[in-house]
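>>> I'd like to go over a predicted model; first the sequence, then the structure.
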Amino acid sequence: MPKTVGVAVSNATFHFDKLYTYAVMPDQQDTVRLGSMVLVPFGRGSRARMGVVLACDAEPESAKLKFLFDVAPASACLTPELLRLVHFLKERTFCTYYEAVKAVIPYGAQYKPTVAEDGVTPVLQKQLVRHTENAYKLVGTLPPKPRPTAKQLAAVALLAGGERTLSALEEKGISRAVLDNLCAKGVLECSKVNKSIDLYSSIPLKNEPILLTEEQQAAYDALLPGLEDAAPHSALLYGVTGSGKTLVFLKLIEHCLQMGRRALVLVPEISLTPQMILRLKSQFGKRVAVQHSALNHTERLLQWQMIQDGGADIVVGTRSAIFSPLENIGLVIIDEEQEHTYRSESAPRYSAHEVARQRAAENGALLLLASATPSTESYYAAQHGRTQLVRLTKRYGGNPLPKVQIVDMRAELASGNPREISLAMEDAIRHNLEAGKQTILLLNRRGYQTVAQCEDCREVLKCQKCSVPMVYHKSAHKLLCHYCGSQLDPPPARCPACGGKLQYRGFGTQKAEEELAKLFPEARILRMDQDTTAAKDAHEKLLAKFARHEYDIMVGTQMVAKGLDFEDVTLVGVLGIDSLLFAQGFRAYETVFSLVTQVVGRSGRAKDPGFAIIQTTDPDNPVLNLAAAQDYDAFFEQEIAYRKLGLYPPFCGLCVVGFAGPKESEVARASARFAALLGRQAAKQPDLPLRVLGPTPGSIEKINDSYRYKLTVKCRNDRRFRDLIRETLTLYEQEKLPGKATVVVDLHSDGDI
Ligand SMILES: Nc1ncnc2c1ncn2[C@@H]1O[C@H](COP(=O)(O)OP(=O)(O)OP(=O)(O)O)[C@@H](O)[C@H]1O
Ligand SMILES: [Zn+2]
């Protein structure tokens with residue numbers, strides 16, 4: 001029953017992000033505790049601000065303390081482990097306490113300030129209050145006159161089997177209007193029920209025994225001691241595409257549950273969640289919870305509460321699922337562990353690996369990273385014994401890895417084929433169609449034509465607010481900026497700079513779809529990109545249709561490249577990834593190697609062997625050739641040598657400090673000032689290994705009217721270094737330069753921010 005508390009408040013700057021002491025009213029003393037959400041009077045005007053209690057019975061800093069306005073109920077309190085994660089994030093990522101709080105609990109579980117009914121007293125209110133939905137049950141008979149509609153008959157037939165929710169009925173094509181009308185007739189009765197938290201209840205439980213192959217069994221046996229042991233362990237499961245890593249996961253999870261412990265499974269993106277959920281649900285049934293950003297706030301909250309209430313044994317989700325309030329964790333799996341989506345690009349800028357390692361340490365769990373193309377850092381750690389290395393070298397079912405052909409698109413053009421689909425690709429797709437097989441095509445550009453260039457001055461039409469080209473989207477007939485969302489509608493015909501004629505060129509997924517439809521009018525083509533998957537559950541529905549072979553060809557951006565498992569896919573084509581071959585950042589080679597190896601790996605995973613074709617204008621590119629050979633070991637040797645020579649991770653830590661603001665000169669000045677302060681602080685510790693590069697403009701100089709500069713610091717990412725950055729940030733903020741730029745620090749970036 002604390003009489004005073006130390007509170008971290010929302011919207012604090014780094015410099016002011018400390019604990020402020022408040023007095024607790026006697027009637028709040030029973031509720032308030034460490035991790036409580038509170039509403040406090042802040043600043044001179046005592047305006048209401050959100051806060052979180054991080055200390056109890058804090059020393060009063062002045063004789064006259066302000067009282068808390070309000071305290072959220074105990075159910076909204078952070079668990080001790082989540083509280084420790086808040087401190088962990090603050091120390092590791094330079095975020096504010098409240099940014100960390102917002103990361104570890106979902107929006108729906110958060111509170112917001114409002115005023116009480118008296119119109120003046122500030123109180124807390126839950127972000128989400130509605131957890132109920134309409135349910136309908138049959139209470140009468142349908143009168144024969146007026147003649148019932150087909151929908152009415154269908155509704156009555158469905159409800160004859162018992163009460164159903166509105167969403168369940170809507171799924172069967174029955175609208176709310178039909179139901180309300182039947183209620184008015186006295187045929188149905190409507191009541192409010194709690195929304196179902198069993199999101200995927202339609203997935204049948206199979207629970208068949210998992211039979212591993214000899215190689216899979218050996219991998220499982222090697223991993224088992226780390227799982228059974230109560231001490232934390234980490235391992236890397238490096239298995240070629242289609243080797244059955246998922247089956248090893250399932251078997252480990254089964255054992256983990258048998259031990260009375262729980263499992264957390266991360267996948268890199270939403271498109272991969274349906275497949276993992278399907279496998280986990282059909283194997284383990286009800287007690288699987290899901291956390292990812294495509295759930296709506298209510299679903300997410302209900303799933304979260306289910307985890308918090310101890311109702312889930314397994315949690316599956318994308319990056320932020322690592323903060324699930326799951327207790328007694330025995331196993332954390334990070335699938336496709338090399339993916340950049342595991343690193344957050346907004347505050348708190350954490351890496352899921354880092355948080356997972358922390359949680360594994362707290363829980364005495366096994367952290368299992370898995371991939372066919374592990375990140376260079378993870379594989380290096382495994383080679384040097386810092387992580388256990390377990391391999392799967394063969395595909396399940398015994399097929400070889402797909403054969404790969406590289407097609408030179410310059411030669412293709414020279415020989416008179418102006419199209420973006422080479423003759424070899426066309427041929428292979430046709431053969432595959434005739435054989436009744438499916439094809440996956442990768443093109444990492446969405447939109448139709450990707451640049452508009454002036455025929456006279458050769459200027460490329462760029463976004464007014466960002467230093468990137470606009471992309472033409474044919475269906476909407478407008479130009480879009482993929483960074484800030486700006487539009488040019490209708491697309492201009494003339495160059496804004498010189499009035500010359502604009503020529504639209506390039507190749508995006510929309511155009512690919514159109515070209516394919518012309519070449520193969522009989523083929524059923526599915527396009528998967530951000531534009532076609534924006535609707536709720538779109539990934540799940542489209543991929544399920546592809547799995548049922550309702551499409552012959554799937555063309556898409558990188559969301560089609562990894563993790564997916566379709567038995568009828570025997571051809572994979574890479575239509576274009578050349579922009580990635582020349583990308584910046586020290587992970588650029590790794591990204592290309594991984595993307596190509598992974599997409600090739602979607603081919604020939606079941607009965608029939610697979611084939612793949614890669615189109616490029618740089619056919620001799622060494623990385624591309626290693627990926628075509630799916631030779632990870634050779635790639636790794638080359639990559640680690642490059643990293644060592646250039647001094648990049650894993651041979652050092654890389655800390656990027658980014659600056660942004662509306663005036664370029666001020667952003668440049670701010671970055672120079674920060675660099676000077678950093679230099680001054682570092683000079684006091686000459687033994688600290690440190691190399692500061694820059695400041696330089698960001699590789700995209702302007703995004704959304706904000707100019708960007710960066711400092712790159714090669715360092716050893718340890719507490720001493722982080723303290724140095726923290727001191728520098730504080731000094732920098734204290735200086736209050738006029739028109740300061742915002743500054744962010746990222747210890748996980750690829751070299752840009
Ligand atoms: N022991 C097994 N019993 C039955 N089916 C298996 C077994 N092992 C693998 N498979 C099947 O082989 C296919 C490939 O397995 P899985 O998807 O787990 O591969 P993966 O290692 O995750 O590959 P990728 O890295 O390419 O995603 C799946 O359809 C899977 O069901
Ligand atoms: Zn823009």
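Yes, it's here. Numbers count the residues shown, from 1 in each chain. Ligands and ions are numbered 1, 2, ... in the order given.

>>> domain assignment for this protein?
Domain ranges of the chain: 4-126, 132-194, 214-392, 403-450+506-642, 653-746, per automatic domain parsing.

>>> which of those domains sits most buried?
Mean neighbour count (mean count of other CB atoms under 10 Å) peaks for domain 214-392 among the domains of the chain, with a mean of 21. Placement of C-beta: from N, CA and C, glycine included.

>>> so Ile329 makes contact with Met259?
No: if you go by CB atoms under 8 Å, Ile329 and Met259 don't touch, sitting 11.4 Å apart.

>>> what about the closest residue to ligand 1 within the stretch 651-753 of the chain, helix or strand, and which?
Closest approach between the stretch 651-753 of the chain and ligand 1, counting by CB to the nearest ligand atom: Asp750, at 22.2 Å. Applying DSSP states H and E as the criterion places Asp750 outside every helix and strand.

>>> quick one: it from Thr387, how far?
Noted for Asp750: a distance of 22 Å to Thr387, by CB to CB, to the nearest Å.

>>> what do you get for Leu159?
55 Å.

>>> repeat for Tyr97
31 Å.

>>> report the contact partners of the nearest residue to Ser344 once chain neighbours are set aside.
Excluding the flanking residues, the one nearest Ser344 by CB to CB, 6 or more residues apart in numbering is Tyr350, at 5.3 Å. Listed by CB atoms under 8 Å, 6 or more residues apart in numbering, the contact partners of Tyr350 are Leu89, Arg92, Thr93, Ala103, Arg343, Ser344, His748.

>>> tell me the SS of the last one?
Under DSSP: H, G, I helix; E, B strand; the rest coil, the three-state class of His748 is coil.

>>> ditto for the fourth one
Going by three-state DSSP, the secondary structure assigned to Ala103 is helix.

>>> show the pLDDT at it.
With respect to pLDDT, Ala103 scores 92.

>>> wait, it touches Ser320, no?
Yes: with contact defined as CB under 8 Å, Ala103 and Ser320 form a contacting pair (7.0 Å).

>>> Lys64: what's it in contact with?
Taking CB under 8 Å, 6+ apart, one finds nothing in contact with Lys64.

>>> please tell me how far it sits from Ser282.
Distance from Lys64 to Ser282, by CB to CB: 62 Å.

>>> before we move on, what about Gly239?
Shown here: Gly239 relative to Ser282, a distance of 22 Å by CB to CB.

>>> what residues does the stretch 101-250 of the chain have near ligand 1?
By CB under 6 Å from any ligand atom, the residues of the stretch 101-250 of the chain that approach ligand 1 are Leu211, Leu212, Thr213, Gln216, Gly239, Thr241, Gly242, Ser243, Gly244, Lys245, Thr246, Leu247.

>>> hey, what's the closest residue to Met528 other than its chain neighbours bridged with?
Once flanking residues are discounted, Met528 sits nearest to Gly556: 3.3 Å by CB to CB, 6+ apart. Taking DSSP bridges as the rule, Gly556 bridges to Leu442, Met528.

>>> does Gly556 really touch Ile525, like I thought?
No: contact between Gly556 and Ile525 fails when scored by CB under 8 Å: they sit 10.6 Å apart.

>>> quick one: the helices in the stretch 201-350 of the chain?
214-228, 245-258, 273-284, 297-308 (DSSP state H, counting those that start in this stretch).

>>> just want the angle from the longest one to helix 245-258.
Looking back up the chat, that one is helix 214-228. Going by axes from the mean of the first three to the mean of the last three CA atoms, to 10 degrees, helix 214-228 is angled at 40 degrees with respect to helix 245-258.

>>> remind me what helix 214-228 packs against, helices and strands.
Judged by 3 or more CB pairs under 8 Å, 6 or more residues apart in numbering; DSSP states H and E, the packing partners of helix 214-228 are strand 233-239, helix 245-258, strand 366-371, strand 388-392.

>>> skipping adjacent residues, who's closest to Glu515 in space?
Leaving out its chain neighbours, the residue that sits closest to Glu515 by CB to CB, 6+ apart is Ile421, at 5.8 Å.

>>> residues in contact with that neighbour?
For Ile421, the residues meeting the contact criterion (CB under 8 Å, 6+ apart) are Ala512, Glu515, Leu516, Leu519, Leu575.

>>> please flag which of those residues sit within helices.
Judged by DSSP state H, the subset of the contacts of Ile421 located in helices is Ala512, Glu515, Leu516, Leu519.

>>> so how far is Ile700 from Leu331?
39 Å.

>>> what's the answer for Met50, then?
Noted for Met50: a distance of 33 Å to Ile700, by CB to CB.

>>> extract the CA atoms of the top helix by length along the chain and return them as CSV.
Identified as the longest helix of the chain according to DSSP H is helix 664-683. The C-alpha trace of helix 664-683 is given here as CSV (Å, rounded to 0.1, in the frame of the first residue of the first chain):
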residue,chain,number,x,y,z
GLU,A,664,18.2,20.6,-44.3
SER,A,665,20.8,23.1,-43.0
GLU,A,666,19.5,22.6,-39.4
VAL,A,667,19.5,18.9,-39.7
ALA,A,668,23.1,19.0,-40.9
ARG,A,669,24.1,21.3,-38.1
ALA,A,670,22.4,19.1,-35.5
SER,A,671,24.2,16.0,-36.7
ALA,A,672,27.5,17.8,-36.7
ARG,A,673,26.9,19.0,-33.2
PHE,A,674,26.0,15.6,-32.0
ALA,A,675,29.1,14.2,-33.6
ALA,A,676,31.2,16.8,-31.8
LEU,A,677,29.6,16.0,-28.4
LEU,A,678,30.1,12.3,-29.0
GLY,A,679,33.7,12.9,-29.8
ARG,A,680,34.2,15.0,-26.7
GLN,A,681,32.6,12.3,-24.4
ALA,A,682,34.5,9.5,-26.1
ALA,A,683,37.8,11.3,-25.6
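
>>> just checking, what packs against the helix or strand hosting Lys545?
Using DSSP H and E, Lys545 sits within helix 538-547. Applying 3+ CB pairs under 8 Å, 6+ apart, one finds that helix 538-547 contacts helix 273-284, strand 525-528.
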